[in-house]
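Novice: okay, structure incoming, though there's no sequence with it:
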């Protein structure tokens, strides 16, 4: 799989930083789309940096052009992006992937996204409601992102995350399609799980929760 070329969106974020580091450590070739390239403070022979905004369709087109798989660790960022950045970016990503015949797409999101399969417990329901009350626009946009992927022909996986802890520490990872049973996830665990999904597998066209087990 190391012959793959991977487009990575959100490479300087809480999870994206660790995903980028893990991909390069395993000798994947990576094209990283970033708004602020100075945030990437190292060079690597397998890394190509593209500067631009994921809301720009031409930028996304150029990023994905010669890649095999697309990963998105997109968050609102700092400074914050538009609150509808998730659907705007997803439109551009789906359009470009369909144009180039690329099927595999892996993205991360929060536990607030609902699916028809969910059996969320009281704690996860509370966290979901809290997000809707405090961040209504971006939370609704995250839900629409999931619905857009559901309607696409991509082989997508949308990974639902609890609180991200930025550390290289790793533990066993719990997974479920119906409920998040843990309060946090280490960023290095996210990176490992993402890499395990590159070839497809059990979570294609699904939205698993993952957490530190």
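Specialist: All right, it came through fine. Computed from a prediction, not measured in an experiment: that's the story for all the values here.
Novice: in three-state terms, label the spatially closest residue to residue 118 that is not a sequence neighbour for me.
Specialist: Of all residues not flanking residue 118 in the chain, residue 178 sits nearest, at 5.5 Å (CB to CB, 6 or more residues apart in numbering). Yep, even glycine has a C-beta here, placed from its N, CA and C like the rest. Following DSSP: H, G, I helix; E, B strand; the rest coil, the label given to residue 178 is coil.
Novice: what does residue 198 give?
Specialist: Relying on three-state DSSP, one would call residue 198 coil.
Novice: I'd say it and residue 4 touch.
Specialist: Yes. Using CB atoms under 8 Å, residue 198 makes contact with residue 4 at a distance of 6.9 Å.
Novice: quick one: which of the two has more around it?
Specialist: Legend: neighbour count by other CB atoms under 10 Å for residue 198 and residue 4, higher for residue 198 (19 against 15).
Novice: mind pulling up the pLDDT for the residue sitting furthest away from the middle of the chain?
Specialist: The outermost residue of the chain relative to its centre, with distances by CA atoms, centre = their mean, is residue 122 at 25.5 Å. We have a pLDDT of 96 for residue 122.
Novice: make 424 the starting number, not 1.
Specialist: Got it, the first residue is 424 from now on, which makes the last one we talked about residue 545.
Novice: look up how far residue 551 lies from it.
Specialist: Going from residue 545 to residue 551 by CB to CB, to the nearest Å gives 11 Å.
Novice: same question, residue 590
Specialist: 25 Å.
Novice: so which of those two has more stuff around it?
Specialist: Between residue 590 and residue 551, counted using other CB under 10 Å, the more crowded position is residue 551 (20 against 11).
Novice: how about the secondary structure of the more buried one?
Specialist: Going by three-state DSSP: residue 551 is helix.
Novice: mind listing what it touches?
Specialist: Residues near residue 551 by CB atoms under 8 Å, 6 or more residues apart in numbering: 534, 535, 537, 543.
Novice: among those residues, which one lies nearest to residue 626?
Specialist: Nearest to residue 626 among the contacts of residue 551, counting by CB to CB, is residue 534 at 15.7 Å.
Novice: can you tell me the closest non-neighbouring residue to the closest one?
Specialist: Nearest one to residue 534, counting by CB to CB, 6+ apart, is residue 603 at 4.7 Å.
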